[in-house]
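Student: what follows is a predicted protein model with its sequence.
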Amino acid sequence: MKVILLQEVEKLGAEGSVVTVKDGFGRNYLIPRGLAKVATVGAVKAWQEERRQAGRKIAQRKDDAQRLAADLASIELVVLAKVGEENRIFGTITVPQIVDALAHKGVTVDRKKVEIHEEVRHLGVYSAFVKLHPEVTAEVKFRVEGEGIVRQAEPAAEADAASTDEDEA
């Protein structure tokens, strides 16, 4: 009996192979478990067409991912963060903030596919990486800007300065 293997079978062949097996092995083991189907002329042609269509879809997804990667490379995001003295931000910039900034630019990305390789704790320009396809990763530049400078008060010095200003007035 000739069968088309629907997935790799150890010591028999790879997925898509047409192999000859004993009738009982094919009917009682391979076909009921979904490992193979009978290799008629029509089934072989259908299998080849299915593989060709799947290859075309995979190539189309890769092309779409490459186009999106090119678009992402041209985008510069701005992420706002609260800033203290010495341009140090409170906390750090996280992946959800990058995903939100991309959403404001009209690009929807799964947050699980975004990575930031360094801790972002100061103002400046950084990179995030978006895995769009197993073979395509896009780099997105983002600039961290301050919402406002927050200064921590020095209690004694500012209290003295405030009281002298009131006395002079």
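Tutor: Arrived safely.

Student: how does this protein divide into domains?
Tutor: Segmentation of the chain into domains, based on automatic domain parsing, reads 2-64, 67-149.

Student: can I get the ones you listed in JSON lines including mean pLDDT?
Tutor: Conversion of the domains of the chain to JSON lines gives the following (pLDDT from 0 to 100):
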{"stretch": "domain 2-64", "mean pLDDT": "92"}
{"stretch": "domain 67-149", "mean pLDDT": "90"}
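
Student: can you list these in TSV and add mean neighbour count?
Tutor: All C-beta spots, glycine's among them, are computed from the backbone N, C-alpha and C. TSV is the format used below for the domains of the chain (neighbours: other CB atoms under 10 Å):
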stretch	mean neighbour count
domain 2-64	13
domain 67-149	15
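
Student: show me which helix runs longest in this structure.
Tutor: helix 41-74 (DSSP state H).

Student: ok, then the element right after that helix?
Tutor: Heading C-terminal from helix 41-74, the first helix or strand you meet, by DSSP states H and E, is strand 76-83.

Student: what strands line up against the top strand by length along the chain, and which way round?
Tutor: Longest strand in the chain, counting residues (DSSP state E): strand 136-149. Strand 136-149 has the following strand partners under DSSP bridges: strand 76-83 (parallel), strand 124-133 (antiparallel).

Student: now for these, which one comes closest to G16?
Tutor: Of all these, strand 124-133 sits nearest to G16, with 22.9 Å by CB to CB.

Student: next, the angle helix 41-74 makes with that closest one.
Tutor: Angle, strand 124-133 to helix 41-74, by axes from the mean of the first three to the mean of the last three CA atoms, to 10 degrees: 170 degrees.

Student: for strand 124-133, C-alpha coordinates in CSV please.
Tutor: Extracted as CSV, the C-alpha positions of strand 124-133 are listed here (Å, rounded to 0.1, in the frame of the first residue of the first chain):
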residue,chain,number,x,y,z
GLY,A,124,17.3,60.1,25.5
VAL,A,125,16.9,57.9,22.4
TYR,A,126,16.6,54.1,22.8
SER,A,127,15.6,51.1,20.6
ALA,A,128,12.9,48.5,21.0
PHE,A,129,12.8,45.4,18.9
VAL,A,130,9.5,43.9,17.5
LYS,A,131,9.5,40.3,16.3
LEU,A,132,7.1,40.4,13.3
HIS,A,133,7.9,37.0,11.8
